[in-house]
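1. Okay, sequence plus prediction incoming.
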Amino acid sequence: MQVSLEASRNGVNFRRPTFKNPLPKLFRAIGKGFIAVLMAIVAFGESAGRARAARELANMGLYEEAKALMLKEHS
């Protein structure tokens, strides 16, 4: 039987609760999933924006700039 430190100092033995609440782990997992979905949406938006910008550059005749925009890794 596990006894809390403070209770053992006072000379009274109390059992620690054995039930662990599963909700914090569940909420943490849901939060991580939500963040992952949000990051995927942002990445898709960036990709679509680059493609649109490259299309406009190509329409203006700036083919090398459009190619560089699509092939370069931008941070």
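-> Done, it's in.

2. Next secondary structure after the helix or strand containing Ile30?
-> Taking DSSP states H and E as the criterion, Ile30 maps to helix 23-59. Past helix 23-59, further along toward the C-terminus, the next helix or strand under DSSP H and E is helix 63-71.

3. average pLDDT for that next one?
-> In this model, helix 63-71 carries a mean pLDDT of 90.

4. What residues sit buried inside it?
-> Neighbour-count burial for helix 63-71, with 16 or more other Cβ atoms under 10 Å as criterion, is recorded at 66, 69. Any C-beta I mention is one placed from the backbone N, CA and C, and that applies to glycine too.

5. Just the CA coordinates for that helix, please, in PDB.
-> Once side chains and other backbone atoms are set aside, the C-alpha atoms of helix 63-71 remain, and they are given as PDB (Å, rounded to 0.1, in the frame of the first residue of the first chain):
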ATOM      1  CA  TYR A  63       9.100  32.000 -66.800                       C
ATOM      2  CA  GLU A  64      12.400  31.700 -65.000                       C
ATOM      3  CA  GLU A  65      11.100  33.400 -61.900                       C
ATOM      4  CA  ALA A  66       8.000  31.200 -62.000                       C
ATOM      5  CA  LYS A  67      10.200  28.100 -62.200                       C
ATOM      6  CA  ALA A  68      12.400  29.300 -59.400                       C
ATOM      7  CA  LEU A  69       9.400  30.000 -57.200                       C
ATOM      8  CA  MET A  70       8.000  26.500 -57.700                       C
ATOM      9  CA  LEU A  71      11.400  24.700 -57.400                       C
END
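
6. helices or strands next to that helix in the packing?
-> Contacting helix 63-71 under the criterion 3 or more Cβ pairs under 8 Å, 6 or more residues apart in numbering; DSSP states H and E are the following elements: helix 23-59.

7. Report the rounded mean pLDDT for the helix it packs on.
-> Rounded to a whole number, the mean pLDDT of helix 23-59 is 95.
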